[in-house]
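J.: Kindly generate the corresponding structure for this input.
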Amino acid sequence: MTEAQPFEAGWAAPDTAAQPGIGGTLRARPEDFLVEETPLYQPSGTGEHVYLFVQKQAMSTLDMVGVLARHFGVPKRDIGYAGLKDKRAITRQVVSVRLPGREVEDIPMLRDDRLAILWVDKHENKLRRGHLRGNRFSIKIRDVGFQAALPAQQALERMAREGMPNRIGPQRFGMLGNNHLVGRAIVLTRWEEALRHLLGPSESNPDAQPESRASFAVGRYADAFAEMPGSLGVERVALRALADGATPEQAIRSIERSAVSFFVTSFQSAVFNAVLTAREAAGTLGTLTEGDVAYMHSSQRTFAVGPDELADPEMPARLAAQEVSPSGPMWGTRMRKAEGGVGRLELDALHASGVDEGAIEHFAEIGGEIEGARKPLRVPVTSPEVEGGADEHGMYVRCAFDLPRGAFATSVMASIMGDPSAEEPESD
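T.: Reported below is the predicted structural model:
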């Protein structure tokens, strides 16, 4: 097995040396990046949960939850959503709000230029994470000519045939590209280290809140809090706690549980990406090896791969049809482990991050959320469309496609463009 990429990288663009990308600029403006959620089910029309189909712009999903909680006068825990959506984009998704005894006609008008409610209905249960089929994307690439449409179409059609490497995109790792380092420190209960990554000066992005981060570095927590922009709520909560005399552990625990969970997921994602990069280099994203844990896309269930599975005469066709794919680790206490050479690769990637299974078990024992899961190493890209065009902002190549839940459009675009990570990633 090929060695995994360094953990610190978090996200790395795919190797397009064999088929160079078309280049260009991604997200030149929010309206160039459109995302619409495909619901798992339709609301029934009755129940105490109001379902809203919300369009947002220049706002993260977590910020949207805060706006809706204040608007309806409910705690954030009463608001449900199926998935996180990009901040620097125009996105549409279903959100639920628990409003017992309220009728749809009683819903007050929302006054926020960044949000619009497109329809309202009712349902019996809260919308939970993962309650979506997938997302439809329509993305314009700028600073390219019409001739770039053909290689873009060829790249997208190739991914439709073979599947897309299910690389977890740069937005998972935040504007500083270090969410996974914060998460690793949290898993290792290195609270001061977590705060340094979260609040300290950034080598990769020195222009990010330099005054606040410099104040934090010398222990002026009240000044750092005052200098941190109001839009960075997680950072401000931690700084407020420190300014009030909290210990590093108390400051981390003062952060909303969902944000801490996001940092831990970022750590898991970096290890997953490292394994994916190694499997991609070895050419085994679309093949199964003894010891693999296979992923069935239709049911989202897994099975261990042994000699009998490899000898199954139907397996090559199932792999070719993307019904089955190898999976990678989102490490946790309940994750199904691979065996043999695959298992060693995955364990090596975990150890390369500076974490071992004992640390994960200890984090869970003190109340940390790190159950873990298997994630497919490739995903189907369906209903692809490519066109070249021009508007008042100039020429573009538009790529549209569907992805299953949990897959990143930025990874599709990286395979088409080469490396769109030159843009500043957003933490959503």
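J.: Please enumerate the helices of the stretch 201-350 of the chain.
T.: In the stretch 201-350 of the chain, the segments counted as helices under DSSP state H, counting those that start in this stretch are 210-217, 221-227, 233-243, 248-254, 257-282, 307-311, 315-320, 340-352.
J.: Export the ones you listed to a markdown table and append columns for distance to Val187.
T.: Using the backbone N, CA and C atoms, a C-beta is placed for each residue, glycine as well. Output for the helices of the stretch 201-350 of the chain, formatted as a markdown table (distance: least, CB to CB, whole Å):
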| stretch | distance to Val187 |
| --- | --- |
| helix 210-217 | 22 |
| helix 221-227 | 24 |
| helix 233-243 | 17 |
| helix 248-254 | 12 |
| helix 257-282 | 6 |
| helix 307-311 | 33 |
| helix 315-320 | 34 |
| helix 340-352 | 11 |
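J.: how much space between the most centrally placed residue in the chain and Asn179?
T.: Geometric centre of the chain, nearest residue: Arg172, 4.5 Å, by CA atoms, centre = their mean. Distance of Arg172 to Asn179, computed by CB to CB, to the nearest Å: 7 Å.
J.: contacting residues for the nearest residue to Lys76 once chain neighbours are set aside?
T.: In this structure, Lys76 finds its nearest non-sequential neighbour in Ala69, 4.7 Å apart by CB to CB, 6 or more residues apart in numbering. Ala69 makes contacts with 75-76, 78-79, as judged by CB atoms under 8 Å, 6 or more residues apart in numbering.
J.: and those as a markdown table, adding distance to Gly291 and pLDDT?
T.: Output for these, formatted as a markdown table (distance: CB to CB, whole Å; pLDDT from 0 to 100):
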| residue | distance to Gly291 | pLDDT |
| --- | --- | --- |
| Pro75 | 45 | 94 |
| Lys76 | 42 | 93 |
| Asp78 | 44 | 96 |
| Ile79 | 42 | 97 |
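J.: Going by neighbour count, which of those residues comes out on top?
T.: Ile79 (22 neighbours; other CB atoms under 10 Å).
J.: For that residue, give me phi and psi.
T.: phi -110, psi 130 (degrees, to the nearest 10).
J.: what's across from it in the sheet?
T.: Using DSSP bridges, the bridge partners assigned to Ile79 are Val97.
J.: follow-up on the earlier one: could you export the one helix or strand the residue nearest to Lys76 maps to as PDB, CA atoms only?
T.: Assessed by DSSP states H and E, Ala69 sits inside helix 61-72. Extracted C-alpha coordinates of helix 61-72, given in PDB (Å, rounded to 0.1, in the frame of the first residue of the first chain):
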ATOM      1  CA  THR A  61     -25.600  27.200   8.100                       C
ATOM      2  CA  LEU A  62     -24.700  27.700  11.800                       C
ATOM      3  CA  ASP A  63     -25.100  31.400  11.500                       C
ATOM      4  CA  MET A  64     -28.500  30.800   9.800                       C
ATOM      5  CA  VAL A  65     -29.600  28.700  12.700                       C
ATOM      6  CA  GLY A  66     -28.800  31.600  15.100                       C
ATOM      7  CA  VAL A  67     -30.800  34.000  13.000                       C
ATOM      8  CA  LEU A  68     -33.800  31.700  12.900                       C
ATOM      9  CA  ALA A  69     -33.600  30.900  16.600                       C
ATOM     10  CA  ARG A  70     -33.700  34.600  17.500                       C
ATOM     11  CA  HIS A  71     -36.500  35.300  14.900                       C
ATOM     12  CA  PHE A  72     -38.700  32.600  16.300                       C
END
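J.: Residue numbering should commence at 743 henceforth.
T.: In the new count, where the first residue is 743, that last one comes out as helix 803-814.
J.: picking that back up, pull up the overlap in contacts between Arg914 and Asn921.
T.: 752, 1008.
J.: low-scoring stretches of the stretch 1043-1170 of the chain, by residue?
T.: 1161-1170 (pLDDT under 70).
J.: roughly how far apart are the residue nearest to the centre of the chain and Gly1096?
T.: In terms of CB to CB, Arg914 sits 19 Å off from Gly1096.
J.: Please apply the same query to Ser1008.
T.: Ser1008 is 15 Å from Gly1096, by CB to CB.
J.: now do Ile881
T.: Ile881 is 35 Å from Gly1096, by CB to CB.
J.: and those two? which has more neighbours close in?
T.: The residue with more neighbours, out of Ile881 and Gly1096, is Ile881; 23 against 15, by other CB under 10 Å.
J.: Please look at the more buried one and Met1155 and confirm they touch.
T.: Yes - counting by CB atoms under 8 Å, Met1155 is a contact partner of Ile881 at 6.4 Å.
J.: got any residues that touch both of these two?
T.: 768, 1141.
J.: excluding its backbone neighbours, what's nearest Leu1030?
T.: Per CB to CB, 6+ apart, closest to Leu1030 is Val1047, 4.9 Å.
J.: go on, Ala1094?
T.: Going by CB to CB, 6+ apart, Ala1094 has Phe749 as its nearest residue, at 5.2 Å.
J.: Run a quick neighbour tally on Ser1061.
T.: Quick fix: residue 1061 reads Leu, not Ser. 18.
J.: right, and Glu899 touches Thr1124 too?
T.: No - taking contacts as CB under 8 Å, Glu899 lies outside contact range of Thr1124: 11.5 Å.
J.: Enumerate every residue touching the residue nearest to Leu1030.
T.: 1030-1036, 1068 are the contacts of Val1047 under CB under 8 Å, 6+ apart.
J.: Save those as TSV, and put in neighbour count and distance to Tyr963 too.
T.: Formatted as TSV, the contacts of Val1047 follow (neighbours: other CB atoms under 10 Å; distance: CB to CB, whole Å):
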residue	neighbour count	distance to Tyr963
Leu1030	21	52
Thr1031	17	51
Glu1032	14	54
Gly1033	18	49
Asp1034	28	48
Val1035	22	45
Ala1036	20	50
Pro1068	25	47
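J.: For the helix or strand harbouring Ala927, name the packing helices and strands.
T.: Per DSSP H and E: Ala927 is located in helix 921-929. Counting by 3 or more CB pairs under 8 Å, 6 or more residues apart in numbering; DSSP states H and E, the packing neighbours recorded for helix 921-929 are helix 933-941, helix 999-1024, helix 1099-1107.
J.: Residue ranges in the stretch 743-892 of the chain under the pLDDT threshold?
T.: 743-748, 750-751, 753-761.
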